[in-house]
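S.K.: Next come a sequence and a model predicted from it.
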Amino acid sequence: MKKLLCLFFTLVCISLTGCGSEKVDNNTEILVNETGLAENVSEIEETEKEESISEEEVFSFTEFKNLNFSFLSGAGGWSTEMTVAGDGTFKGIYHDSDMGDNSDEYPNGTQYYCSFSGKFTKPVQKEEYIYSTTIESISYDHPVGTEEIKDGIRYIYSEAYGLDNPEEILIYLPGMPIEELPEGYLSWVKTNWRMDYEFTANETSLPFYGLYNVNSEQGFSSYDIIDDLKQSLEYREQEVSALEDSIMQDPYLTQADLNEKSQQMYEIWDLTLNEMWKILKRNLNEEDMAALTKEQLDWIAMKEASMKEAGAEVEGGSMYALVVYQRGAELTKERVYELMEIVDEL
């Protein structure tokens, strides 16, 4: 009897020692762990895969920080511009002008317009560079289909073109192979003024984020508002420099011409300042924005006083506008570059 028991335990030990794994009839590999319990390899791999996916960074709307989305054809004056916050809420404006559609009541033409806001649903990944969402809600500042006349313009309040009839909206991430993009999307973004022949000829992957309204086959492209501001700043420097050279060197300019050019200089820097302020308001927290707003109000008071002081010596003369606007342009340019230091830190 003792011999039989010894033989039985010997066979058990041999079977456990010699077999780290075995195959079952359904070709599923079985591993024996340290406790001697069998484990299913496919189940282990699937669990590890799920854990790996959960640890990876997935897309969220926070990636749209400082991005504007544009839907336009490149022809005509219509466009839809939209921003998306980190929680998926969005807001934007659509406008389209028809100057030929006028009458005595609205001599300045007709404009189709809407200001809208809403929220996207949580994105769901479909492929490596594609996520899917839809519009959870959307509202308009004016009832769609209504109209009114203001400042000689007839406003017809419309839906947001590009977001109409949404069933599914695809989010394309940078790096998406262009050859895999639907023609319905490319037909819009290829004609966007930001995407010229060089892009369509040489690029193989999408260099920006895209939104595609699948049902309506309408596509948005994105651009970084800070990068756009910096590019605009370079252009406006050149524009103002040309105006300054003209004021200093053109002997044929009348005083009225000089006054007009100095006003243009001031307006260019004032426009730049307002664009920069919108970016700061969008990014700074409530406390920092409140402090900066107080600082800005103090600066505005200083600027206006300085402009008035500069014009005091020639008040009532033909050079008054020239002197005042030149001083305003000088101070506003300085303020633009002060605020640009804050923007660079965002």
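M.R.: All right, it came through fine. Numbering: from 1, shown residues only.
S.K.: average model confidence for whichever strand or helix holds residue 243?
M.R.: Using DSSP states H and E, residue 243 maps to helix 225-249. In this model, helix 225-249 has an average pLDDT of 92.
S.K.: May I have the phi/psi pair for the nearest residue to residue 177 once chain neighbours are set aside?
M.R.: Nearest residue to residue 177, sequence neighbours excluded (Cβ to Cβ, 6 or more residues apart in numbering): residue 205, at 5.7 Å. C-beta coordinates here come from the backbone N, C-alpha and C atoms, glycine included. Per-residue torsions, residue 205: phi -130, psi 150 (degrees, to the nearest 10).
S.K.: show me where pLDDT drops low in this structure?
M.R.: Counting by pLDDT under 70, the chain shows low-confidence ranges at 1-57, 74-76, 191-202.
S.K.: Could you rerun that using 80?
M.R.: 1-57, 73-77, 190-203, 346 (pLDDT under 80).
S.K.: So for it, which residue is the most central one in space?
M.R.: In the chain, the centroid-proximal residue (Cα atoms, centre = their mean) is residue 67; its distance is 1.7 Å.
S.K.: does that one have beta-bridge partners, and which?
M.R.: residue 224 (DSSP bridges).
S.K.: isn't residue 124 right up against residue 133?
M.R.: Yes: taking Cβ atoms under 8 Å as the definition, residue 124 is a contact partner of residue 133 at 7.3 Å.
S.K.: between these two, who's got more neighbours?
M.R.: residue 133 (20 against 13; other Cβ atoms under 10 Å).
S.K.: so residue 269 is in which element?
M.R.: helix 255-283.
S.K.: what's the angle from that helix to helix 225-249?
M.R.: 160 degrees (axes from the mean of the first three to the mean of the last three Cα atoms, to 10 degrees).
S.K.: The protein: helices as residue ranges?
M.R.: 2-18, 41-55, 183-189, 197-202, 225-249, 255-283, 286-312, 320-344 (DSSP state H).
S.K.: Turn the ones you listed into TSV, columns for mean neighbour count and distance to residue 146.
M.R.: Formatted as TSV, these follow (neighbours: other Cβ atoms under 10 Å; distance: least, Cβ to Cβ, whole Å):
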stretch	mean neighbour count	distance to residue 146
helix 2-18	9	82
helix 41-55	10	48
helix 183-189	18	28
helix 197-202	10	40
helix 225-249	14	31
helix 255-283	17	28
helix 286-312	13	34
helix 320-344	18	38
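S.K.: So for residue 110, which of the ones you listed sits nearest?
M.R.: Nearest to residue 110 among those is helix 183-189; the distance by Cβ to Cβ comes to 24.2 Å.
S.K.: Out of the helices of the chain, flag the one nearest residue 91.
M.R.: helix 255-283 (11.0 Å).
S.K.: that older thread, would you agree the residue nearest to residue 177 is in contact with residue 179?
M.R.: No: in this structure residue 205 lies outside contact range of residue 179 using Cβ under 8 Å: 9.3 Å.
S.K.: For the two, indicate the residue with more neighbours.
M.R.: Legend: neighbour count by other Cβ under 10 Å for residue 205 and residue 179, higher for residue 205 (14 against 8).
S.K.: Report the separation between residue 307 and residue 323.
M.R.: 9 Å (Cβ to Cβ, to the nearest Å).
S.K.: ok, now residue 215?
M.R.: From residue 215 to residue 323 the distance is 59 Å (Cβ to Cβ).
S.K.: Burial check on the residue lying closest to residue 63 once chain neighbours are set aside, number of neighbours?
M.R.: Spatial nearest neighbour of residue 63, chain neighbours left out: residue 209 (7.3 Å); criterion: Cβ to Cβ, 6+ apart. Neighbourhood size, residue 209 [other Cβ under 10 Å]: 21.
S.K.: Next: residue 284.
M.R.: Neighbours of residue 284 (other Cβ under 10 Å): 16.
S.K.: Hmm, it is touching residue 295, no?
M.R.: No: counting by Cβ under 8 Å, residue 284 sits too far from residue 295 to count as a contact (11.9 Å).
S.K.: what sits against residue 171?
M.R.: By Cβ atoms under 8 Å, 6 or more residues apart in numbering, residue 171 lies in contact with 59, 123, 130-133, 209-211.
S.K.: nearest to residue 291, of those?
M.R.: residue 209 (32.1 Å).
S.K.: Okay, that closest one and residue 78: tell me how far apart.
M.R.: Counting by Cβ to Cβ - residue 209 and residue 78 are separated by 22 Å.
S.K.: One more: residue 71?
M.R.: From residue 71 to residue 78 the distance is 9 Å (Cβ to Cβ).
S.K.: Common neighbours of the two, please.
M.R.: What both residue 71 and residue 78 touch, as defined by Cβ under 8 Å, 6+ apart, is the set residue 161.
S.K.: wait, isn't the residue nearest to residue 63 in contact with residue 64?
M.R.: Yes: the criterion here is Cβ under 8 Å, and residue 209 meets it with residue 64 at 6.8 Å.
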